[in-house]
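S.K.: Quick one: sequence plus predicted model below, questions after.
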Amino acid sequence: MKKTKNNAKGSRGRDTQYEHVANFLFETGILAKTPRSGFHFLGTGTQTVAEHLNRAAYVGYALASMTPGADVSRVVLMCLFHDISEARISDLNYVHQKYVTREEDKAVSDVVSNLPFGSSIHGIISEYEDRQSLESIITKDADNIEWILSLKEQVDTGNSRASDWIVSAVNRLKTDVAKKLAAHILTIDSSEWWAGKDGDVTRNDWWVNRGKNNQNGKEK
């Protein structure tokens, strides 16, 4: 009896290749519902795995763009896929990993086994885990920089514990560009991009009258 090929029609008259892709895309949606568990121990803040991957991709793009010889597209792909196994194994933080073994490779293999582009995804993740290529090292730095950004946001809202966590995260960075970026991240307020340089909205005219001229207490 011959095995059914991925692109063969299934018993319901559907193209099984596209069924596998559709199931894969539904599975990636679980990442938006999977919490990053480190925040439970931090005490404040929340983030899903999908949110982490999204900003990590932006960080990876920035780091790779500032690194001569780096393949920017490869880094962005690694950033997007590096935690895809967590749709199945969830996010296991450093405390969890003391007691639970992560069968990450098995999870990745199961995720991509029936996909027409599965070998490509598996190759991307394997390269990331091997941490030998420049792109994989940059991607890991992007992963850690995203965490540093998240911790700095918690520091700026009053969580002193987050300051201690930042130290170990910074010490994991490998590339000079990531280390320099982290140093600048720690010197500015996370709200500066919208609140202004001093971060004090009480002294900024926009937050008082939205830039409009006040006459006799009325907006112009």
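M.R.: Perfect, thanks for sending it.
S.K.: how about low-confidence regions in the protein?
M.R.: Counting by pLDDT under 70, the chain shows low-confidence ranges at 1-13, 198-203, 211, 213-220.
S.K.: can you give me the helices in it?
M.R.: 16-29, 38-42, 49-65, 72-81, 86-89, 104-112, 118-130, 134-155, 161-171, 176-185, 192-195, 205-209 (DSSP state H).
S.K.: what angle do the fourth one and helix 104-112 make?
M.R.: Taking axes from the mean of the first three to the mean of the last three C-alpha atoms, to 10 degrees, helix 72-81 and helix 104-112 form an angle of 100 degrees between their directions.
S.K.: Any idea how far helix 72-81 is from the middle of the chain?
M.R.: Here the centre of helix 72-81 is set off from its chain's centre by 11 Å, with C-alpha atoms, centre = their mean, to the nearest Å.
S.K.: Name the residues that touch that helix?
M.R.: 53, 56-57, 59-61, 63-65, 121, 124-125, 127-128, 135-136, 138-139, 142-143 (C-beta atoms under 8 Å, 6 or more residues apart in numbering). C-betas here are computed from N, CA, C, even on glycine.
S.K.: Now with 7 Å, please.
M.R.: 53, 56-57, 60-61, 64-65, 121, 124-125, 128, 135-136, 138-139, 142 (C-beta atoms under 7 Å, 6 or more residues apart in numbering).
S.K.: same thing with the fifth one?
M.R.: When contacts are defined by C-beta under 7 Å, 6+ apart, helix 86-89 is touched by residues 27-28, 30-31, 34, 49, 102-104, 107, 110-111.
S.K.: Can you check the distance spanned by stretch 62-76, start to finish?
M.R.: End-to-end distance of stretch 62-76 (C-alpha to C-alpha, to the nearest Å): 10 Å.
S.K.: ok now that stretch, how far from the chain's centre?
M.R.: The answer for stretch 62-76 is 16 Å, by C-alpha atoms, centre = their mean.
S.K.: What residues of it count as buried?
M.R.: Neighbour-count burial for stretch 62-76 flags 62-64, 66-67, 70, 72, 74-76 (criterion: 16 or more other C-beta atoms under 10 Å).
S.K.: and those as JSON lines, adding distance to Arg88?
M.R.: Shown next, in JSON lines, are these (distance: C-beta to C-beta, whole Å):
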{"residue": "Ala62", "distance to Arg88": "29"}
{"residue": "Leu63", "distance to Arg88": "28"}
{"residue": "Ala64", "distance to Arg88": "28"}
{"residue": "Met66", "distance to Arg88": "34"}
{"residue": "Thr67", "distance to Arg88": "32"}
{"residue": "Ala70", "distance to Arg88": "30"}
{"residue": "Val72", "distance to Arg88": "29"}
{"residue": "Arg74", "distance to Arg88": "24"}
{"residue": "Val75", "distance to Arg88": "24"}
{"residue": "Val76", "distance to Arg88": "23"}
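S.K.: ok, those residues vs Ser168, which is closest?
M.R.: For the buried residues of stretch 62-76, the closest approach to Ser168 (C-beta to C-beta) belongs to Leu63, at 19.6 Å.
S.K.: follow-up on the earlier one: what subset of the contacts of helix 86-89 is buried?
M.R.: 28, 31, 34, 49, 104, 107, 111.
S.K.: Nearest residue to the first one in space, please, no chain neighbours.
M.R.: Distances taken as C-beta to C-beta, 6 or more residues apart in numbering place Ala87 nearest to Thr28, at 6.7 Å, with adjacent residues excluded.
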